[in-house]
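**Student:** return a 3D structure for these sequence lines:
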Amino acid sequence: MKRPWGWSLPILILISGLLSIRRLTVAETGPTLPADWPRTFRLGYVAVSGGANRSDPSQVVGQYLARELKLEVKVVSYPDYLSLIAGFKARNLEGAYLGPYPYVEAAELAEVEAAVMELDPQGQRGYRSILITRTGSGIHRLEDARGRVLAFTYPDSTSGCFIPMLPFLRDLGQPPGTFASKVVFAGTHQAVVQGVFNHSYALGATNDLDFARAAEELHLQVQDFQILWTSPLIPGSVYAIRKDLPQSFKKAFRQSLLNLKDPSLLASMKIGGFGPADNSEYTIIRQLRELKK
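**Tutor:** The predicted structure is shown next:
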């Protein structure tokens, strides 16, 4: 008797068996996440270098976490830290990249905890706020910038506003608003660096890490700038996570970042890696926050 399609019964059995093996293999080797883990991890950040690009730390970390945790990661940009913290409170975020001051605010207002601390390129547990001017501006010390335009990043920035107020209030004895002819909030660290380079601002506040990122992205030389003031070490920025997420997920999230050792990824972010977060290191930020109030 002629068989359907001209195929022999042994061949049909073999094909059926291969299909069964393929389905079994996919089922066995596909990622199986714990039932209580989020299927999508929304990682919030405020653009500090001028926009969402491949070198932005949160973009790089988001892609890395998607590979390591085997889940979808959505990197969500916020215009400022107040709206990001509101996103945490509304449960529109599972995690975020936060500077020290916004982290302290978020920990108090939105029930989040620090997972890891960002280390600087030399492996230090922090970074430094700086005040910069354009080389050749004639400004060689802070006093020389009196009556000129001063640029901060945004009001909630630790290194771009909060910390660099100290030399004005403590050393010069007056608030920035009376020292400068005009105080501008440029919005991002890159905008501050660009504005100082273009002579739009005589003096600009940023930090050593974002200054290096901005100079590279803008194709500028660090020799084009003079650093007039450098702060003491500020505890590093953190990747924070909601407290109500499963402990097993928070542990995996933390360990994935601690395991990030790829030199090319770290170089693209201008950092030295991540270390365990110690909440006590942010006491100085809490004290300065009270002083600001």
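**Student:** drop to CA atoms for contacts and neighbour counts, all remaining ones
**Tutor:** OK.
**Student:** chain neighbours aside, what residue packs nearest to the residue nearest to the spatial centre of the chain?
**Tutor:** Per C-alpha atoms, centre = their mean, the C-alpha nearest to the average position across the chain is that of Tyr97, at 4.0 Å. Using C-alpha to C-alpha, 6 or more residues apart in numbering and skipping the chain neighbours, the partner closest in space to Tyr97 is Tyr239 (4.6 Å).
**Student:** for the helix or strand hosting that neighbour, buried residues please.
**Tutor:** Tyr239 is part of strand 238-242, with elements assigned from DSSP states H and E. Buried residues in strand 238-242, counted by 16 or more other C-alpha atoms under 10 Å: 238-242.
**Student:** same check on stretch 76-87?
**Tutor:** 76-77, 80-81, 84-85, 87.
**Student:** now swap in stretch 158-178 and tell me
**Tutor:** 158-168, 176.
**Student:** surely Arg213 meets Val222?
**Tutor:** No. Between Arg213 and Val222 there is no contact, the gap being 10.6 Å when judged by C-alpha atoms under 8 Å.
**Student:** what about these two, which has more around it?
**Tutor:** Set side by side, Arg213 and Val222 show more neighbours around Arg213, with 20 against 14, by other C-alpha atoms under 10 Å.
**Student:** the more buried one and Glu111: what is the separation?
**Tutor:** 31 Å (C-alpha to C-alpha, to the nearest Å).
**Student:** just the element for Val196, please.
**Tutor:** helix 189-197.
**Student:** same for the helix or strand that that helix is followed by, what does it pack against?
**Tutor:** Where DSSP H and E defines the elements, the next helix or strand beyond helix 189-197 is strand 203-207. If contacts are counted by 3 or more C-alpha pairs under 8 Å, 6 or more residues apart in numbering; DSSP states H and E, strand 203-207 sits against strand 129-134, strand 149-152, helix 189-197.
**Student:** beta partners for Thr230?
**Tutor:** For Thr230, the beta-bridge partners under DSSP bridges are Ile130.
**Student:** what's near enough to touch it?
**Tutor:** Going by C-alpha atoms under 8 Å, 6 or more residues apart in numbering, Thr230 touches 128-131.
**Student:** now with 10 Å, please.
**Tutor:** 128-132, 164, 167, 207-208 (C-alpha atoms under 10 Å, 6 or more residues apart in numbering).
**Student:** likewise for Gly173?
**Tutor:** With C-alpha under 10 Å, 6+ apart, Gly173 has these contacts: 166-167, 179.
**Student:** nearest to Tyr282, of those residues?
**Tutor:** Leu166 (17.0 Å; C-alpha to C-alpha).
**Student:** what segments of the stretch 151-293 of the chain are strands?
**Tutor:** Applying DSSP state E, counting those that start in this stretch to the stretch 151-293 of the chain gives strands spanning 182-185, 203-207, 225-230, 234-235, 238-242, 273-276.
**Student:** so which of those strands is the most packed in?
**Tutor:** Among the strands of the stretch 151-293 of the chain, strand 203-207 has the highest mean neighbour count (mean count of other C-alpha atoms under 10 Å), at a mean of 29.
**Student:** and the helices and strands packed on strand 203-207 as JSON lines, adding mean neighbour count, distance to Glu290 and mean pLDDT?
**Tutor:** Below are these laid out as JSON lines (neighbours: other C-alpha atoms under 10 Å; distance: least, C-alpha to C-alpha, whole Å; pLDDT from 0 to 100):
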{"stretch": "strand 129-134", "mean neighbour count": "25", "distance to Glu290": "19", "mean pLDDT": "97"}
{"stretch": "strand 149-152", "mean neighbour count": "26", "distance to Glu290": "20", "mean pLDDT": "98"}
{"stretch": "helix 189-197", "mean neighbour count": "25", "distance to Glu290": "25", "mean pLDDT": "97"}
